[in-house]
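1. Structure of the sequence below:
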Amino acid sequence: VFGNALVLAAPAGSTVAADIDPTTGTYAALHGVNRLAIGDPRHVPAGIYARQALLHLGWWDALSARLAPTVDVRAALAYVARGECALGMVYATDAHLSRDVRVVASLPDSLHDAIRYPAAIVAGRYRPAVAHLFNYLRSTEAQDRFEHYGFMPIQEIPRAQP
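-> Numbering: from 1, shown residues only. All right, here's what the predicted structure looks like:
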């Protein structure tokens, strides 16, 4: 199982600074921002997590009119990268891949549902190739590769049994 996180991203050349705390920095930083890019919270997972975080912080009502909802998290990242939005709430992994944005703050997992990507072999679908892939996910090589791209290992994946 691997995990991801939500971050506030800004254009690489911007000077925006933020701290996720309902009593300090972030709200002040967002207060002056004309648009905040997020995945559409009606159907985009990253947008759903962003809405949960904003609701948890008590900022949804104040910011919802200034949101720039997008068709997916990569579109939100593109709005930020092009400077069309001063900030965006995107996955850490997506921000990690872009040279055109920088992470200004990470949102604590406690603000939204956990972002997890579990692995399992479906009952009745065990095949040697499936077991090989499943066991590869447990390897140090796979863990290192996922971490390189910004994913967080969450727990030990049990070895596939025939």
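2. After the lowest-mean-pLDDT helix or strand in the chain, which helix or strand is next?
-> Every helix and strand of the chain was ranked by mean pLDDT, DSSP states H and E. The lowest is helix 25-31, at a mean of 57. Using DSSP states H and E, the next helix or strand after helix 25-31 towards the C-terminus is strand 36-39.
3. Tell me how many other residues crowd residue 8.
-> 28 (other C-beta atoms under 10 Å). (Each C-beta comes from the backbone N, C-alpha and C, glycine too.)
4. My guess is it contacts residue 111. True?
-> No. Counting by C-beta atoms under 8 Å, residue 8 does not reach residue 111; the two are 11.7 Å apart.
5. what about this protein, any weak spots by pLDDT?
-> 19-33, 154-162 (pLDDT under 70).
6. which one's the longest helix in this structure?
-> Of all segments of type helix in the chain, defined using DSSP state H, the longest is helix 45-57.
7. Which element is encountered next along the chain beyond that one?
-> helix 60-63.
8. hang on, residue 84 is in a strand, isn't it?
-> No. Residue 84 is assigned coil when assessed by DSSP: H, G, I helix; E, B strand; the rest coil, not a strand.
9. quick one: contacts for it?
-> Listed by C-beta atoms under 8 Å, 6 or more residues apart in numbering, the contact set of residue 84 reads 35, 37, 68.
10. is the last one in a bridge, and if so with what?
-> Which is residue 68. residue 37 (DSSP bridges).
11. show me the contacts for it.
-> With the criterion set at C-beta under 8 Å, 6+ apart, residue 68 makes contact with 35-38, 76, 79, 84-85.
12. again, but for the second one
-> When contacts are counted by C-beta under 8 Å, 6+ apart, residue 37 touches 67-68, 70, 75-77, 79-80, 84-85, 87-90.
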